[in-house]
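Trainee: predicted structure and sequence below. I'll ask about it afterward.
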Amino acid sequence: MSRIAAVEATYLAGVISVSRLGLEPQPLLAPEVFSTPAHQEVQRAIVDLIGVGENADTTSIVQRLGSTGKLAVVDAEYVYGIEEKHDPNARLAKLAKAIRTAHDAHTLGSKLRLAQTALTSGELHKAREIAAEIALATATEKPFEILTGREAAEAALAMSQEDQSTRVRIGDPELEKALGMITAGTSVVIGADTNVGKSTFALHIARTMGTRCGIVSTEDAPAVFGAKLLSHASGIDSERLFQGTVDMHEAVTLRESLYRVTENVRMAFAIGSPLVDVLSAIRALVHQHGCRVIVVDYLQNIRVDPKLDRRITMADAFSQMKALCARLNVALIVCSQLSRPSPDAKWREPTKHNLKETGDLENMAEAIILLWQRTQGGAVYGKVDKLKWSARRHRFQFQRDSVGNLVECAHWGGDYPEDQRDEEEQPRSWAGRGRRAS
């Protein structure tokens, strides 16, 4: 018997001994973490017995194994002999930790061998995905917490009474009314059609955020984001920068404006890259640059296997980014496209069901903000279409300045300007207007 198998046998003997006393053994490990099939089946029988409120003594375990046809895997005499391995001085928690550590090491070794095999056979993409899984599993991140219901409630009460400055402020007063403060582990989706202003809106949030914010761009190059920041600081249209039509006076203004560009924003560029690169960028922004909020712009431009269902792959990408940010203890904001509307519904108000190729994203996100326009180049309307922690559904409106930046965010009551209402909508009240899916 190997060393870890002996540890497992001692643990099983301790669990059986505790169960004989009518107590529930803690911690109770999952059967899959054991190294041998016999120990896995014994532990599975123990978990099943305890789950139905029965004592997990050796006789009951053997009967359970017989009823499930597992006595071919583990001999009954071996089960009866397990109790002899009980060590009254051995703590279950210490034994469980040793078993988990051995299981993790074995799993890591298996993944490393798979990665090596993939590299040898020239499957670089598969090897990188496995390497990303290994990095995620071994990163020094926030450990899992197990709380009782009362402990979770106490944590919520403590959060409500703590200094407001310890949470992440959005910065823009109107958006703060809409969402409240963003807390670690929160995921927010910003949905809009192409050219409505997803990136500009996300950049506006990042600029005004009361903490360091990291942007992972999957679409725009460094010069594009830089031009937007410089345009906002200087008031000079970013298009002039790209066309090279800036005069000498404007060049001086642009250089002076560099000092007004926020340094609270950090950017990583994974343009058209696979999910593994996006996850790596998120880790770098958090671990190396201290970012507390991550913005991914945008979801649909993350490269996935074209042979797979995009709804599933997009939902999986969002789920992995959300899980990583939760473990890193940071908030996540993800930009997403909306499904292309029909020509007669192009300027309609969207709903969260219009989010493009995202599967269960609307269920996974804690908050969803939707943006749309009623006319080409007109005002940008926005609404909170989902907010898990509140029944409030705030609506707001942005104006664009002379160079296209979003400015003057203000509360919006829901009425469109007269010249932007469809004739068929004019007689209706707001409750009946613009609610149809695009």
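Mentor: That came in fine, so what should we check first?
Trainee: just checking, what packs against the longest helix that the chain contains?
Mentor: When the chain is parsed with DSSP state H, its longest helix is helix 92-120. Contact here means 3 or more Cβ pairs under 8 Å, 6 or more residues apart in numbering; DSSP states H and E; on that basis helix 92-120 packs against helix 3-20, helix 124-138. To be clear about C-beta, it is placed using only N, CA and C from the backbone, and glycine gets the same treatment.
Trainee: mind showing which ranges of the stretch 101-250 of the chain have poor pLDDT?
Mentor: For the stretch 101-250 of the chain, applying pLDDT under 70 flags the ranges 133, 135-152, 154-172, 181.
Trainee: now with 50?
Mentor: Residue ranges of the stretch 101-250 of the chain with pLDDT under 50: 140-142, 163-166.
Trainee: ranges for the strands of it?
Mentor: Applying DSSP state E, counting those that start in this stretch to the stretch 101-250 of the chain gives strands spanning 187-192, 213-217.
Trainee: partners of the longest one in the sheet?
Mentor: According to DSSP bridges, strand 187-192 forms sheet pairs with strand 331-337 (parallel), strand 367-373 (parallel).
Trainee: chain center to the first one: distance?
Mentor: Same thing as strand 331-337. Distance, stretch centre to chain centre, for strand 331-337: 9 Å (Cα atoms, centre = their mean, to the nearest Å).
Trainee: and it, what's its mean pLDDT?
Mentor: The pLDDT scores in strand 331-337 average 91.
Trainee: give me the contacts around that strand.
Mentor: 168, 182-194, 198-199, 202, 205, 292-300, 318, 321-322, 325, 355-356, 358, 361, 365 (Cβ atoms under 8 Å, 6 or more residues apart in numbering).
Trainee: tell me the angle that strand makes with strand 213-217.
Mentor: 30 degrees (axes from the mean of the first three to the mean of the last three Cα atoms, to 10 degrees).
Trainee: which parts of strand 331-337 are buried?
Mentor: Of all the residues in strand 331-337, those buried under the rule 16 or more other Cβ atoms under 10 Å are 331-337.
Trainee: so what's the gap between stretch 174-186 and the chain middle?
Mentor: Distance of stretch 174-186 from the chain centroid (Cα atoms, centre = their mean) equals 16 Å.
Trainee: same question but for stretch 205-216, I mixed them up
Mentor: On Cα atoms, centre = their mean, the centre of stretch 205-216 falls 17 Å from that of its chain.
Trainee: again with stretch 320-331
Mentor: 5 Å.
Trainee: for that stretch, C-alpha coordinates in CSV please.
Mentor: What follows is stretch 320-331, C-alpha atoms only, in CSV (Å, rounded to 0.1, in the frame of the first residue of the first chain):
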residue,chain,number,x,y,z
GLN,A,320,-14.8,31.8,-17.0
MET,A,321,-14.0,35.5,-16.8
LYS,A,322,-16.6,36.0,-14.1
ALA,A,323,-15.2,33.1,-12.0
LEU,A,324,-11.6,34.3,-12.4
CYS,A,325,-12.5,37.9,-11.3
ALA,A,326,-14.5,36.5,-8.3
ARG,A,327,-11.4,34.5,-7.2
LEU,A,328,-9.2,37.5,-7.8
ASN,A,329,-11.6,39.6,-5.7
VAL,A,330,-12.3,42.2,-8.4
ALA,A,331,-15.4,43.5,-10.3
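Trainee: dihedrals phi and psi, residue 123?
Mentor: Note on residue 123: backbone dihedrals following degrees, to the nearest 10 are phi -90, psi 70.
Trainee: show me what contacts it?
Mentor: Here residue 123 is in contact with no residue (Cβ under 8 Å, 6+ apart).
Trainee: how about residue 173?
Mentor: Contacts of residue 173 were listed using Cβ under 8 Å, 6+ apart, and they are residue 409.
Trainee: what's the end-to-end length of stretch 191-202?
Mentor: End-to-end distance for stretch 191-202, by Cα to Cα, to the nearest Å: 11 Å.
Trainee: show residues contacting that stretch.
Mentor: 190, 215, 219-220, 225, 228, 295, 297-298, 333, 335-338, 340-341, 350, 352, 354-355, 368-373, 380, 382, 398, 404-406.
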